[in-house]
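K.L.:
Just a sequence and a predicted model for now, questions to come.
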Amino acid sequence: MTNLFSSFDPSTSMKLPLNWLSTTIGVLILPLTFWLIPSRLMMLWNKIINILHKEFKTLIGPMSKGSTLIFISLFSLIIYNNFLGLFPYIFTSTSHLVLTLSLALPLWLAFLLFGWMNNTVHMLAHLVPQGTPGVLMPFMVCIETTSNLIRPGTLAVRLAANMIAGHLLLTLLGNIGPVISVHYTSILFLIQILLLTLEGAVTIIQSYVFAILSTLYSSEVTYV
């Protein structure tokens, strides 16, 4: 079990959390954005950013005023770290609640404080859905309050759990390779390729889900 979870250990042989440096490797890619003639990869990334900007702007509404850049940057950071974790012997930082909570908790707290300080009436009205019977109103307030309080936890756990589950499955199947016969090795290799493709899709989906839910939470407090 120690070897199984060693890929998720932030410490190294020197007992220092140097594996977190994998999150900063993306800084080395930044000079590519200053090329006079952009590459095809940069054109594709710019197109993705434009699509995300339009979608986030639609969700936030007319009060966006450039706040879509926050969620685009959030999406970029998460998808970069998710894809980086697919490479062998590279630390997956998004599989730890330390990073995911550090992303979700400040955003949620900022949205909550902004909403209660600027749109207090709207925040109070949001605790009781429209059309709720008077008898159920106290229960709905408790339920809505609880759902608002657990939002950063659900965001963080969802991202970390999905990254851990896929990586553990790949590790478990990879560990049985030396003990099976040669006839089943090709089948195992094919399964690993399919799982790696699925994990690649999960990295994109989870990055999008984290960013889109953060956008929806912000739209609730900025809507007037």
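P.N.:
It's in.
K.L.:
Report the buried residues of the worst-scoring helix or strand of the chain on mean pLDDT.
P.N.:
Here the helix or strand of the chain ranked lowest by mean pLDDT, DSSP states H and E is helix 120-126, holding a mean of 75. Residues of helix 120-126 classed as buried under the neighbour-count rule (16 or more other CB atoms under 10 Å) are M123. (Each C-beta comes from the backbone N, C-alpha and C, glycine too.)
K.L.:
Repeat that for stretch 163-173.
P.N.:
163-164, 166-167, 170.
K.L.:
Quick one: distance of it to the chain centre.
P.N.:
The chain centre lies 18 Å from the centre of stretch 163-173; the measure is CA atoms, centre = their mean, to the nearest Å.
K.L.:
quick one on the thing from earlier: I'd like to know which of the buried residues of stretch 163-173 are part of helices.
P.N.:
Among the buried residues of stretch 163-173, the residues falling in helices (DSSP state H) are 163-164, 166-167, 170.
K.L.:
got those residues as a markdown table, with distance to E55 columns?
P.N.:
Conversion of these to a markdown table gives the following (distance: CB to CB, whole Å):
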| residue | distance to E55 |
| --- | --- |
| M163 | 23 |
| I164 | 28 |
| G166 | 26 |
| H167 | 29 |
| L170 | 31 |
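K.L.:
before we move on, the earlier item: restricting to C-alpha, output the least confident helix or strand of the chain in CSV.
P.N.:
Extracted in CSV, the C-alpha atoms of helix 120-126 (Å, rounded to 0.1, in the frame of the first residue of the first chain):
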residue,chain,number,x,y,z
THR,A,120,-27.9,41.2,1.3
VAL,A,121,-31.6,41.1,0.3
HIS,A,122,-30.9,38.9,-2.7
MET,A,123,-28.7,36.5,-0.6
LEU,A,124,-31.5,36.2,2.0
ALA,A,125,-34.1,35.6,-0.7
HIS,A,126,-31.9,33.0,-2.3
